[in-house]
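Trainee: got a predicted structure plus its sequence, pasted below:
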Amino acid sequence: MRREQFDMESRNAQKSWSLRRVSPSQRQGEALKRFPTMLRSMALLATGTAAGQVISFALMPVITRLYSSADYGVFGVFTALVTILGSVVGLKFEAAILLPPRTRRGAKTVYGLFRLSIVCSTVVSSALFVVALILHFFFGGAFFATLGGWLLLVPVSALISGISLTLSAVATRDGSYRQLSRVPVSQKLSSGGLQILGGLAGAGVLGLIMGAVTQSLVAIGILLRGRGQFVKDALDRFQPKDKLTKLVSEYRDFPLVGAPNSLLETMAWNSQVVILAWFYAANDLGLFSFALAAVGLPLNVILSGVSRVYLRESAARKENPAEARKLFFRLLIGLSLASVPVFIVLYLASRYLFGPIFGENWAVAGLIAQSLLPLLWARFMSTTVATTFTVYRTQTWLLWWQLLALLVVSAGYIIGGTIGFSIEHTVALASWMTVPLYLLLIPLAYYVLRRGGREPYVAVPES
């Protein structure tokens, strides 16, 4: 029965999408038809994300009065480790789910990539749990004293995050943007509510951590709706070892290059609080973590939605270089125009509103947020266009860039901490040192785009 259903889905996909020779005018026409759809998709995801962040911001004044900055310091180190590890537990096979063509063979490939991602997430997380046990019981008195027993929850949370990323990739490939737009709102409501209950109960760090873990669980619950049969078939369907090996070989650049690249990318951003823990007390770490959450993470969530849409649309235009370049420049113009009001608001809020809204104990977090703004703007402009390296399978370029970025931002924090700067001045130093590197990604991505997508065939939907 499953085989018949799968064949029917594959035939429908093959009927809807076909590889055929088209003229330049036909290519341009199809691209123009898809562009308004892309804008609507971006707007839909951005609206859902904005609503989620409004809810999160509305709950922050309550949460900051229930937890100390020291609680936030431990929580910041925990979430940084989960974000770093959760981004690579699936060895980036989930990122490849968007790339196969919409044909019968492509549908089979998606099943295989989904299964690979889930299996890798489970195996890698299990290995990380063993490592966490060793670190906790044999080295817990050193650096990991900051986390204590919470270190053992890091691999579990990373597994949940990896599964959520995989389902999100499937939903993006399906074009289920309305469903994806509901995720941020549900996440923030459930997470914030649980953290408030934990704070009222005096749970301390546990309340913050449980709220964070709930976000990924809520995303999984939403994205599983309508995909239960897909997940069951993908995990149950028998695949010969030689076909699975061939699939791993075909997409080997994702675990070999994409995963290290993603690891370096998340480390360049999330390792900040881990490095600062060497030089500053938990109180300062809490102020930094809160500043990052207040002005940094909302932008990251918005960009992740825009990046998903751009990755899908860029992949669809890969074989049409002219339209791919137009899409690239339209994206840059859109980001430039959007960044002006966004960062004016963030600057004014950081300068004047942190103390009155979140409590005077958190006023210094506003100064730290201002120090982060230059780096946040550079990331806002470059993060989405960097997905071009994934589309054209040139992640090695991005890998070397990420390594350089990690070294530069780490050097900034180490220099500031060693000299004895206040935490806001150390953050400003690292921020300005890293801005040029992020802006360099834009011309690099455009160069890669110009070199690729020269094949004479393009996949377009039949009317």
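Mentor: Looks like it came in fine.
Trainee: tell me the mean pLDDT over stretch 446-463?
Mentor: Averaged over stretch 446-463, pLDDT sits at 53.
Trainee: so how far is Phe57 from Ser410?
Mentor: 30 Å (Cβ to Cβ, to the nearest Å). All C-beta atoms are positioned from the backbone trio N, CA, C, and that covers glycine.
Trainee: the more surrounded of these two?
Mentor: Ser410 (18 against 15; other Cβ atoms under 10 Å).
Trainee: can you pull the contacts of that one?
Mentor: 271, 275 (Cβ atoms under 8 Å, 6 or more residues apart in numbering).
Trainee: how much space between it and Trp269?
Mentor: 11 Å.
Trainee: and Trp400, by the same measure?
Mentor: For Trp400, the distance to Trp269 - Cβ to Cβ - is 17 Å.
Trainee: give me the more crowded residue out of the two.
Mentor: Trp269 (22 against 11).
Trainee: name the element Ser350 belongs to?
Mentor: Using DSSP states H and E, Ser350 sits within helix 321-352.
Trainee: repeat that for Leu444.
Mentor: helix 423-451.
Trainee: again, but for Ser117
Mentor: Going by DSSP H and E, Ser117 is in helix 104-139.
Trainee: equivalent analysis for Tyr67, please.
Mentor: Using DSSP H and E, no helix or strand contains Tyr67.
Trainee: setting aside sequence neighbours, what's the nearest residue to it?
Mentor: Closest residue to Tyr67 apart from its sequence neighbours, by Cβ to Cβ, 6 or more residues apart in numbering: Gly199 at 5.7 Å.
Trainee: roughly how far does that neighbour sit from Thr266?
Mentor: Gly199 is 28 Å from Thr266, by Cβ to Cβ.
Trainee: before we move on, what about Val257?
Mentor: From Val257 to Thr266 the distance is 15 Å (Cβ to Cβ).
Trainee: ditto for Val218
Mentor: 21 Å.
Trainee: same question for Phe137.
Mentor: Following Cβ to Cβ, the distance that separates Phe137 from Thr266 is 27 Å.
Trainee: for the stretch 51-200 of the chain, which spans come out with low pLDDT?
Mentor: Applying pLDDT under 70 to the stretch 51-200 of the chain flags residues 140-146.
Trainee: quick one, helices of it?
Mentor: Shown for the stretch 51-200 of the chain, the helices assigned by DSSP state H, counting those that start in this stretch span residues 69-86, 93-96, 104-139, 153-174, 177-200.
Trainee: how about the stretch 251-400 of the chain?
Mentor: 253, 259-276, 282-291, 297-316, 321-352, 354-358, 363-382, 388-391, 395-419.
Trainee: to Ser186, which of the ones you listed lies closest?
Mentor: Each of the helices of the stretch 251-400 of the chain has some distance to Ser186 by Cβ to Cβ; the shortest is helix 297-316, at 13.3 Å.
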